[in-house]
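Q: got a sequence here, can you build the structure:
(chains A and B)
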Protein chains: 2
Amino acid sequence: MTTAKRDTYTPETLLTVAVQVFNERGYDGTSMEHLSKAAGISKSSIYHHVVGKEELLRRAVSRALDGLFGILEEEGATRGRAIARVEYVTRRTVEVLMAELPYVTLLLRVRGNTRTERWAMERRREFDQRVADLLKAAAADGDLRSDMDIRLATRLLFGMVNSLVEWYRPLPGGGDDRDQVAEAVVRLAFDGLRTVRPPQ
Amino acid sequence: MTTAKRDTYTPETLLTVAVQVFNERGYDGTSMEHLSKAAGISKSSIYHHVVGKEELLRRAVSRALDGLFGILEEEGATRGRAIARVEYVTRRTVEVLMAELPYVTLLLRVRGNTRTERWAMERRREFDQRVADLLKAAAADGDLRSDMDIRLATRLLFGMVNSLVEWYRPLPGGGDDRDQVAEAVVRLAFDGLRTVRPPQ
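A: Numbers count the residues shown, from 1 in each chain, chains lettered A, B, ... in the order given. Have a look, this model is predicted:
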């Protein structure tokens, strides 16, 4: 069985295992020994694929970041009124988060102890800043309430979106509730929970 | 200085130090040795106050839980229309979270490896459930949008509120932005970010 496993191991499957272990133990708390045990292959087999655990971290958070930054290139994010674009980006961010759940979870948990972690945090802040810029543009159009600080609004919006990594789990049996979740986030964030809105 | 410290140590100041260390290292990763070093007193002095680190954990999360459950006894949470009560509880939860930041942070991070941690998680779920019940009552009154699952709405609301432990820091110099933050959470959650609401 070990031989079969070793034969079929690819950088991709190794990455899947590594991300799972990083999320369970924390990146700092994960050794090559842990990765080797979890993957069921020797440490030297792992070194055949990567120079060390930091490369696995970089690949994993890159996958999350590529997904997130990809959103900003999509037509819904680049054309139309700012309020529509920021809604689109919010919805797609929730979708990418659910589709790449372990990778985004890892991205949100990195703490900045290594160069790769600091780079990941920097890129994540860049993404947040791009969304904050969209919110600012929507506010300038008069489409966002004017009684809320944009920086605070951005943090609360991301607080809500990012909380999904703590509680969202795919439905057992392969059912798909992703559209419902993404829609709920957008409705709550932009229209609020209340039925009747008090006068501004 | 050590003597002075030892003389003035109280269970309260020991708790302050312990919570800080728990939040930095994780409860699991904290030893009595770490606590002793951080507090600048011997382990036996700590044992003079508490039977072990689990008692410190229990005291710390109790402080957070007492703050949160206390809200539910306040007049704003017990009288009036459900929508007004749930808004009140949301605002007060944000206020307690900011006032007891290290204690609530610890509460939200416990993982369930010990009896005290499991108890804390159970109490936290109870609190969430009480708020979910209020949201249900508001929905039954027709005051909450009907196109969103209440369980999902509760999770998103707490996701946003609880995210404060990750990013909220008291203003340097003692300025107070707490009212502004609490108001922003309530406005975003119940009225949304958008100026003009589309027809239901």
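
Q: how about the residues of chain A that lie near chain B?
A: A:83, A:135, A:142-149, A:152-153, A:155-160, A:162-164, A:166-167, A:180-181, A:184-185, A:187-198, A:200 (C-beta under 8 Å from any C-beta of the partner chain). (Each C-beta comes from the backbone N, C-alpha and C, glycine too.)

Q: lowest-confidence helix or strand of chain A?
A: Taking mean pLDDT, DSSP states H and E as the measure, chain A has helix A:2-8 as its least confident helix or strand, at a mean of 50.

Q: does anything pack onto the helix or strand following that helix? Which helices or strands?
A: Heading C-terminal from helix A:2-8, the first helix or strand you meet, by DSSP states H and E, is helix A:11-25. Judged by 3 or more C-beta pairs under 8 Å, 6 or more residues apart in numbering or on different chains; DSSP states H and E, helix A:11-25 is in contact with helix A:32-39, helix A:43-49, helix A:53-73, helix A:101-109.

Q: now the strand or helix carrying A:Gln129: buried residues?
A: Here A:Gln129 sits within helix A:115-140, counting by DSSP H and E. Across helix A:115-140, burial judged by 16 or more other C-beta atoms under 10 Å in any protein chain shown covers A:116-117, A:119-121, A:123-124, A:127-128, A:131-132, A:134-139.

Q: enumerate every residue touching the spatially most central residue of chain A.
A: Residue closest to the average C-alpha location in chain A (C-alpha atoms, centre = their mean): A:Val104, at 3.0 Å. For A:Val104, the contacting residues are A:Ala64, A:Gly67, A:Leu68, A:Val96, A:Leu97, A:Val165, by C-beta atoms under 8 Å, 6 or more residues apart in numbering or on different chains.

Q: can you redo the residues you listed as a markdown table with neighbour count and pLDDT?
A: Output for the contacts of A:Val104, formatted as a markdown table (neighbours: other C-beta atoms under 10 Å in any protein chain shown; pLDDT from 0 to 100):
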| residue | neighbour count | pLDDT |
| --- | --- | --- |
| A:Ala64 | 25 | 98 |
| A:Gly67 | 19 | 98 |
| A:Leu68 | 25 | 98 |
| A:Val96 | 20 | 97 |
| A:Leu97 | 27 | 97 |
| A:Val165 | 19 | 95 |
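
Q: kindly indicate which of those lies nearest A:Arg25.
A: A:Val165 (16.3 Å; C-beta to C-beta).

Q: who touches that closest one in this structure?
A: So A:Val165 contacts A:Leu97, A:Leu101, A:Val104, A:Thr105, A:Leu108 (C-beta under 8 Å, 6+ apart).

Q: A:Arg178: what's it in contact with?
A: A:Glu95, A:Met98, A:Ala99.

Q: contacting residues for A:Leu108?
A: A:Arg124, A:Asn162, A:Val165.

Q: any weak-confidence spans in chain A?
A: Within chain A, the stretches with pLDDT under 70 are A:1-8, A:196-200.
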